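In: What shape does this take:
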Amino acid sequence: MTLDPENWGDLRAAGHRMLDEMFDYLAHLRDQPVWREMPPEVRGHFKTGALPQAPQAIDEVYQEFAQYVLPYAGGNLHPAFMGWVQGGGTPAGMLAEMLAGALNANLGGRDHAPVAVEQQVAAWMRQLFRFPDAATGIFVTGTSQANLIAALIARGEALGLASRKSGAGAVKLRAYASAAAHSCIARAMDFAGLGSDALRLIPFDGRQRIDIAALEKTIAADRKTGAAPFMVVATAGTVDVGAIDDLKAVGAVCRAEKLWFHIDGAYGALGMLAEEIAPRLAGIEAADSIALDFHKWGQAPYDAGFILVRDGEKHKAAFATPAAYLRRETRGMAGGDFWPTDYGPDLSRGFRALKVWFTLKTYGAERMGRMIARTCELARYLEKQVRALPELELLAPADLSIVCFRYRASDAANAEIVADLHCSGIAAPSLTTIGGKRAIRCAIFNHRTEERDIDALLEAVLRFGKARA
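Out: Now for the predicted structure:
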């Protein structure tokens, strides 16, 4: 029994309507609140009802989406969304998602064009980061998964391939990262079977960069206790303030100690596209692996993480698992010289690469770089405004495109100010803690953000702060 429509013309009309209305939605984002809280009746709508048994017209389903889903989305498309680390997406990426959905391609392997598209993007990343031709890369859900993949490759490098069967045994592997590193690094150690205590958190300096002397001292101390250092994770763009570790210095430590040099570049790695930022990433080209997210500065729709590994053979050795039903043939659909399932945990993989391929080809690397540089300019503009306002206190300078500040009041008041901003629909920053103080954290990643959005944010912070204080 087919699920195709009886009347393609009716479906075509419905599809055109949806597409036109979504274009209108994107074109008028600024006229909408950044975020709306779901009222009780909307929440209740999704908590009731039985599994649908009878068919329903697609127009009716779309109307339900338009009424109950679209007005209450997460808000990261909006130019005044400055919370967490989320890109704003693009119309080109939206259309690419539609095309990818139509193809319904499984990129676990086999010989078809979508795999070639993914490998072309990998080749572009080799060029961008000056990796050798032997380097390999695949798309994953996000950098959390990419960091796990890097940990698994590094574990195999340290213990040998037999460890894929026998495990780590009594060997006490140790990895190292800044105390400012993302929490997913510790989770990667947990998921890799090493335990989160295998990650040693190293103090950071006044600019929240890993302390190199403390790193070397900790590695030496661990070796004396019989532990086995195997990996260092440097960060290119910390989640709190956007700091970049001294990648050259970390790389030198890794070479001297014979450790796997991984870079969590979820946020900052794509700064290589911007002439103003690329010099600050010097040393990234020496990494053994790099994790990054195209759905942040790359503006691709969620989700679009990526892992790039210098030595493709080591990458493959960590994941390839022969199976009769996945046998590679010399001709036919079961051919193909690159099966992504050999390089990561997933056999069923969507066509994530298409939205990135469309984005990079539609806008071009040069324009993408200018957009990234512009977000950093806006962060410096916000920093300057904060410094000029006596009611506000700057807690961390604009290292890349993140600014942390507070209203001169209690931590509780600052938390309420952020909630007031969200509920008003004016702007959506997030919260963090810097130097023991609750901070209003503004992460400027959206290509739509302008100075007027920052001005509106600050005006509202002052107004809400005065009321709360």
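In: residues contacting the residue nearest the centre of the chain?
Out: Closest residue to the average C-alpha location of the chain: residue 293 at 3.7 Å, with C-alpha atoms, centre = their mean. For residue 293, the contacting residues are 142-143, 266-267, 304-306, by C-beta atoms under 8 Å, 6 or more residues apart in numbering. Glycine gets a C-beta too; all of them are placed from N, C-alpha and C.
In: Now do residue 327, the pLDDT please.
Out: According to the prediction, residue 327 has pLDDT 80.
In: so how far is stretch 188-205 off the chain centroid?
Out: Computed by C-alpha atoms, centre = their mean, to the nearest Å, the chain-centroid distance of stretch 188-205 equals 20 Å.
In: what number of residues lie near residue 452?
Out: 11 (other C-beta atoms under 10 Å).
In: next one: residue 392
Out: 19.
In: mind listing what the spatially closest residue to it that is not a sequence neighbour touches?
Out: Nearest residue to residue 392, sequence neighbours excluded (C-beta to C-beta, 6 or more residues apart in numbering): residue 386, at 4.8 Å. Counting by C-beta under 8 Å, 6+ apart, residue 386 makes contact with 392-394, 403, 405, 458.
In: got the CA coordinates for the lowest-mean-pLDDT helix or strand in the chain in CSV?
Out: Lowest by mean pLDDT, DSSP states H and E among the helices and strands of the chain is helix 163-166, with a mean of 86. Extracted in CSV, the C-alpha atoms of helix 163-166 (Å, rounded to 0.1, in the frame of the first residue of the first chain):
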residue,chain,number,x,y,z
SER,A,163,41.7,-2.9,23.2
ARG,A,164,38.6,-2.8,21.0
LYS,A,165,37.9,-6.3,22.3
SER,A,166,39.6,-6.4,25.6
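In: buried sites along it?
Out: Buried residues in helix 163-166, counting neighbours by 16 or more other C-beta atoms under 10 Å, are found at 163-164.
In: what's it packed up against?
Out: helix 143-159 (3 or more C-beta pairs under 8 Å, 6 or more residues apart in numbering; DSSP states H and E).
In: starting at the chain centroid, how far to the helix it packs on?
Out: 17 Å.
In: now for that helix, which elements pack on it?
Out: By 3+ C-beta pairs under 8 Å, 6+ apart, helix 143-159 packs against helix 163-166, strand 173-178, helix 184-191, strand 228-235, strand 260-264, strand 289-293, strand 305-309, helix 312-317.
In: Now find how far off-centre the shortest one is within its chain.
Out: When you say that, I think you mean helix 163-166. Worked out by C-alpha atoms, centre = their mean, helix 163-166 lies 30 Å from the chain centre.
In: quick one: residue 48 and residue 65, what's the gap?
Out: 17 Å (C-beta to C-beta, to the nearest Å).
In: So for these two, which residue has more residues nearby?
Out: Using other C-beta under 10 Å as the criterion, residue 48 and residue 65 rank with residue 65 on top: 11 against 6.
In: What are the boundaries of the helices in the protein?
Out: 8-27, 40-45, 58-68, 91-103, 113-129, 143-159, 163-166, 184-191, 212-224, 247-257, 312-317, 353-388, 411-424, 451-468 (DSSP state H).
In: so what's residue 79 up against?
Out: With C-beta under 8 Å, 6+ apart, residue 79 has these contacts: 29-30, 88, 446, 448-450, 453.
In: now do 10 Å
Out: 29-30, 34, 88, 427, 444, 446-450, 452-454, 456 (C-beta atoms under 10 Å, 6 or more residues apart in numbering).
In: Pick out whichever of those sits closest to residue 225.
Out: Ranked by distance to residue 225 (C-beta to C-beta), the contacts of residue 79 are led by residue 444 at 43.7 Å.
In: for the closest one, what are its contacts?
Out: Taking C-beta under 10 Å, 6+ apart, one finds 79, 81-82, 242, 374-382, 398, 400-403, 429, 453-454 in contact with residue 444.
In: Which among those residues count as buried?
Out: The buried subset of these - by 16+ other C-beta under 10 Å - is 79, 81-82, 242, 374-376, 378-379, 381-382, 398, 400-403, 429, 453-454.
In: what number of residues lie near residue 370?
Out: Neighbours of residue 370 using other C-beta under 10 Å come to 16.
In: ditto for residue 280
Out: 18.
In: Surely it is in contact with residue 265?
Out: No - using C-beta atoms under 10 Å, residue 280 makes no contact with residue 265, being 12.0 Å away.
In: list residues touching both of the two?
Out: Common neighbours of residue 280 and residue 265 (C-beta under 10 Å, 6+ apart) are 236-237, 244, 247, 271-272.
In: could the residues you listed go into a markdown table alongside pLDDT and distance to residue 342?
Out: A markdown table is the format used below for the shared contacts of residue 280 and residue 265 (pLDDT from 0 to 100; distance: C-beta to C-beta, whole Å):
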| residue | pLDDT | distance to residue 342 |
| --- | --- | --- |
| 236 | 98 | 27 |
| 237 | 96 | 30 |
| 244 | 97 | 32 |
| 247 | 98 | 29 |
| 271 | 98 | 30 |
| 272 | 98 | 27 |
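In: With neighbour count and distance to residue 43 as added columns, please give those in TSV.
Out: Compiled in TSV, the shared contacts of residue 280 and residue 265 are given as follows (neighbours: other C-beta atoms under 10 Å; distance: C-beta to C-beta, whole Å):
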residue	neighbour count	distance to residue 43
236	29	39
237	30	35
244	27	41
247	24	45
271	26	39
272	25	43
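In: Closest one of these to residue 200?
Out: So of these, ranked by how close each gets to residue 200 (C-beta to C-beta), first place is residue 247, at 18.9 Å.
In: Does the closest one touch residue 279 like I think?
Out: No - contact between residue 247 and residue 279 fails when scored by C-beta under 10 Å: they sit 11.3 Å apart.
In: re the thing from before, find me the pLDDT at the residue nearest to the centre of the chain, would you?
Out: Residue 293 is assigned 98 on the pLDDT scale.
In: and what of the one 4 residues further on?
Out: Residue 297 is assigned a pLDDT of 97 by the prediction.
In: my guess is it meets residue 236, correct?
Out: No - using C-beta under 10 Å, residue 297 is not in contact with residue 236; the gap is 11.1 Å.
In: which residues do the two both contact?
Out: Common neighbours of residue 297 and residue 236 (C-beta under 10 Å, 6+ apart) are 265-271, 277, 400.
In: Which two among these are spaced furthest apart?
Out: It's 266 and 277 that sit farthest apart of the shared contacts of residue 297 and residue 236, by C-beta to C-beta, at 15.0 Å.
In: Quick check on the two: which one has the bigger neighbour count.
Out: Shown here are residue 266 and residue 277; by other C-beta under 10 Å, residue 266 has more neighbours (29 against 22).
In: which residues touch that one?
Out: Counting by C-beta under 10 Å, 6+ apart, residue 266 touches 85, 142-144, 146-147, 182, 184, 235-239, 290-293, 295-297, 305-306.
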